[in-house]
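Undergrad: coordinates only, no sequence provided:
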Ligand code: CMP
């Protein structure tokens, strides 16, 4: 094989380059064990480039023709690839790994510019080495300079834009930005442009110069620090709803049960924004911790709000300029009220607890029930709370959960027609369990005074009720303490007597 005469220069350089780069690549490979997917991919790509460069170097040597003059493509390409691989290794080793150890980073744009400069210089040096007149290739003449200058103006603007954005850290990859009406998460800042990814799975490529020139809004960051982003959920109510009560209710709706995505610190607040068009406009403001889920979290907050307002009997207000032309007739309203009353009566009749009640007693009690809607996940009552009301499930399922050893365990699920809270109603004891809605729930609530009136008239009802209560209490204890069946039954008998006493004391009568 004829060796090129510049063996001592080009070939030597080529061989030394191949050996050094291979050694560096291997070093990187050893060091880079814990690297992320992206870096591992880059390392593999560099390995392929390196192999290609060595192959091209060998091919250039094999194809060497001492008689050939002028531009020789193979050695030129091998050299250029060498510069590329060299820059790649430098980027990964020095700028990536080494600086990474000291928690420093070099902007991607600067890396790309450095690589391009190295490639350009490498190309010029190699062309000059092959005896080509490089100067002749460069544009000459004032007109050409002006044309090239103009063409480069925008590119340079973008380049400088990208560099300054990264250097002053005004925008970082991962930031949520609003620029000229476009909103998205910055997924990459490159030498010419940056990419924003929207929540609707779109990618927007924005030239860096534009990013720099436009007014830019970075969400969820203040004073360089990451923060949650405040969202405003507005709603309107009629003036008849007392604002202080509404505000308290709205806050309670968010605080009672955490909503995923709503930060607890800073905590939500609620303000009365305006009073116009015959309505009061409120804003429930909360801090969104996961910026990807903006609309979904707004929706979850609105859902909570809706149910809380409905339970309190506040309906959304209609702006006063809207004219309601249809009004239900008094007969229609009466028929609806009657149907609702009958439904409540049916719910009471199905309860073992009230099996001994006469029809007119049931009907009287049905008139005292309050209808309350609940959203999935909301609790209807919480363990440990003092309470004196009973719930009947008109629609929907709930889960009865008992906290023990720091965790909550489900002891039962109840569906339409079932009741709970009887222990609180009958004895005034703190709630024994937390009852949570599994799906949309419509509950009927019976308060102590209504029931007290009935019990004073029919004291013998207390015995039947004590029987049911004792059964449930024994089952709760069986779950908590893993009791066997015999112990459970003996406890049930014990409870029956004690409960009867307590009910009599609580309702203030002696049977
Ligand atoms: P109270 O203690 O007032 O509030 C929580 C309610 O959960 C409780 O009344 C019962 O009505 C209900 N509850 C407790 N344990 C059970 C159970 N094992 N099965 C069904 N309901 C229960």
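TA: Here it is on my side, so go on. None of these values were measured; they are calculated from a predicted model. Residues are numbered from 1 along each chain as shown.

Undergrad: can you give me the helices for the stretch 151-300 of the chain?
TA: 208-213, 243-255, 294-311 (DSSP state H, counting those that start in this stretch).

Undergrad: as JSON lines, those with distance to the ligand would be great.
TA: Every C-beta, even on glycine, is put in place using the N, C-alpha and C of the backbone. Formatted as JSON lines, these follow (distance: least, C-beta to the nearest ligand atom, whole Å):
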{"stretch": "helix 208-213", "distance to the ligand": "57"}
{"stretch": "helix 243-255", "distance to the ligand": "19"}
{"stretch": "helix 294-311", "distance to the ligand": "18"}
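
Undergrad: nearest to residue 56, of these?
TA: Closest of the helices of the stretch 151-300 of the chain to residue 56 is helix 208-213, at 34.5 Å (criterion: C-beta to C-beta).

Undergrad: what is the closest one packed up against?
TA: In terms of contacts (3 or more C-beta pairs under 8 Å, 6 or more residues apart in numbering; DSSP states H and E), helix 208-213 is packed against helix 142-167, strand 193-197.

Undergrad: cutoff 10 Å now
TA: helix 142-167, strand 176-179, strand 182-189, strand 193-197 (3 or more C-beta pairs under 10 Å, 6 or more residues apart in numbering; DSSP states H and E).

Undergrad: of all those, which lies closest to residue 306?
TA: Comparing these by C-beta to C-beta, strand 182-189 comes nearest, at 26.6 Å.

Undergrad: show me the domain layout of this protein.
TA: Using automatic domain parsing, the domain parsing of the chain gives 5-151, 161-225, 228-311, 338-447, 459-511.

Undergrad: so which of those domains gets nearest residue 330?
TA: The nearest among these, by C-beta to C-beta, is domain 338-447 at 12.5 Å.

Undergrad: how long is the closest one end to end?
TA: 21 Å (C-alpha to C-alpha, to the nearest Å).

Undergrad: for the record, mean pLDDT for that domain?
TA: Averaged across domain 338-447, the pLDDT comes to 89.

Undergrad: is the ligand within reach of that domain?
TA: Yes. For domain 338-447, a contact with the ligand is found by C-beta under 6 Å from any ligand atom, at 381, 400, 411-412, 420-424, 431-433, 435.

Undergrad: okay if I get the residues you listed as CSV plus neighbour count, distance to residue 161 and secondary structure?
TA: Shown next, in CSV, are these (neighbours: other C-beta atoms under 10 Å; distance: C-beta to C-beta, whole Å; DSSP: H, G, I helix; E, B strand; the rest coil):
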residue, neighbour count, distance to residue 161, secondary structure
381, 23, 59, strand
400, 22, 61, strand
411, 17, 62, strand
412, 17, 63, strand
420, 23, 64, strand
421, 22, 64, coil
422, 20, 70, helix
423, 21, 69, helix
424, 21, 66, helix
431, 19, 61, coil
432, 21, 65, coil
433, 25, 61, coil
435, 24, 58, strand
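
Undergrad: give me the neighbour count for residue 110.
TA: Counted by other C-beta atoms under 10 Å, the residues lying close to residue 110 total 17.

Undergrad: mind checking which of the helices of the stretch 151-300 of the chain is nearest residue 331?
TA: Using C-beta to C-beta, the nearest of those to residue 331 is helix 294-311, at 25.9 Å.

Undergrad: can you give me the angle the closest one makes with helix 243-255?
TA: For helix 294-311 against helix 243-255, the angle by axes from the mean of the first three to the mean of the last three C-alpha atoms, to 10 degrees is 130 degrees.

Undergrad: show me what the helix or strand following helix 294-311 is packed up against.
TA: Following helix 294-311 in sequence order, the next helix or strand is helix 330-349 (DSSP states H and E). Under the contact criterion of 3+ C-beta pairs under 10 Å, 6+ apart, the helices and strands touching helix 330-349 comprise helix 359-366, strand 370-374, strand 389-395, strand 441-447.

Undergrad: which other residues reach the first one?
TA: Translated: helix 359-366. 340-349, 351, 354, 357-358, 444, 446, 450-451, 453-454, 457-458, 461 (C-beta atoms under 10 Å, 6 or more residues apart in numbering).

Undergrad: how does it look with 7 Å?
TA: With C-beta atoms under 7 Å, 6 or more residues apart in numbering as the test, helix 359-366 has contacts from 341, 344, 345, 348, 349, 354, 446, 450, 454.

Undergrad: would you list the buried entries among these?
TA: 344, 345, 348, 354, 446, 450, 454 (16 or more other C-beta atoms under 10 Å).

Undergrad: redo those as TSV? Include distance to residue 501.
TA: Below are the buried ones among the contacts of helix 359-366 laid out as TSV (distance: C-beta to C-beta, whole Å):
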residue	distance to residue 501
344	31
345	31
348	26
354	21
446	22
450	22
454	19
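
Undergrad: quick one, what contacts the most centrally placed residue in the chain?
TA: By C-alpha atoms, centre = their mean, the chain has its centre lying nearest to residue 290, at 3.9 Å. Neighbouring residues of residue 290 by C-beta under 7 Å, 6+ apart: residue 261.

Undergrad: give me the element residue 500 is part of.
TA: Per DSSP H and E: residue 500 is located in helix 485-507.

Undergrad: beta-bridge partners for residue 403, please?
TA: residue 408 (DSSP bridges).

Undergrad: how many residues are close by it?
TA: Neighbours around residue 403, by other C-beta under 10 Å: 14.

Undergrad: can you tell me how far it is from the ligand?
TA: Residue 403 sits 12 Å away from the ligand, going by C-beta to the nearest ligand atom, to the nearest Å.

Undergrad: that residue contacts residue 383, doesn't it?
TA: Yes. Counting by C-beta atoms under 7 Å, residue 403 does reach residue 383; the two are 5.6 Å apart.

Undergrad: which other residues reach stretch 475-482?
TA: For stretch 475-482, the external contacting residues (C-beta under 7 Å, 6+ apart) are 402, 404, 411, 432, 483, 488, 491.

Undergrad: what is the nearest of the residues you listed to the ligand?
TA: Distance to the ligand across those (C-beta to the nearest ligand atom) is lowest for residue 432, with 3.4 Å.

Undergrad: apart from its chain neighbours, what residue comes closest to residue 307?
TA: residue 375 (4.2 Å; C-beta to C-beta, 6 or more residues apart in numbering).

Undergrad: residue contacts, that neighbour?
TA: With C-beta under 7 Å, 6+ apart, residue 375 has these contacts: 303, 304, 307, 437, 440.

Undergrad: I'd like those written out as TSV, with neighbour count added.
TA: Output for those, formatted as TSV (neighbours: other C-beta atoms under 10 Å):
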residue	neighbour count
303	16
304	23
307	20
437	23
440	13
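
Undergrad: which two among these are spaced furthest apart?
TA: 304 and 440, at 12.8 Å, using C-beta to C-beta across those.

Undergrad: for residue 161, what are its contacts?
TA: With contacts defined as C-beta under 7 Å, 6+ apart, residue 161 is in contact with 208, 209, 211, 212.

Undergrad: tell me the spatial nearest neighbour of it, not counting adjacent residues.
TA: residue 208 (3.3 Å).

Undergrad: show me which residues of this structure sit near the ligand.
TA: By C-beta under 6 Å from any ligand atom, the residues of the chain that approach the ligand are 381, 400, 411-412, 420-424, 431-433, 435, 472, 475-476.
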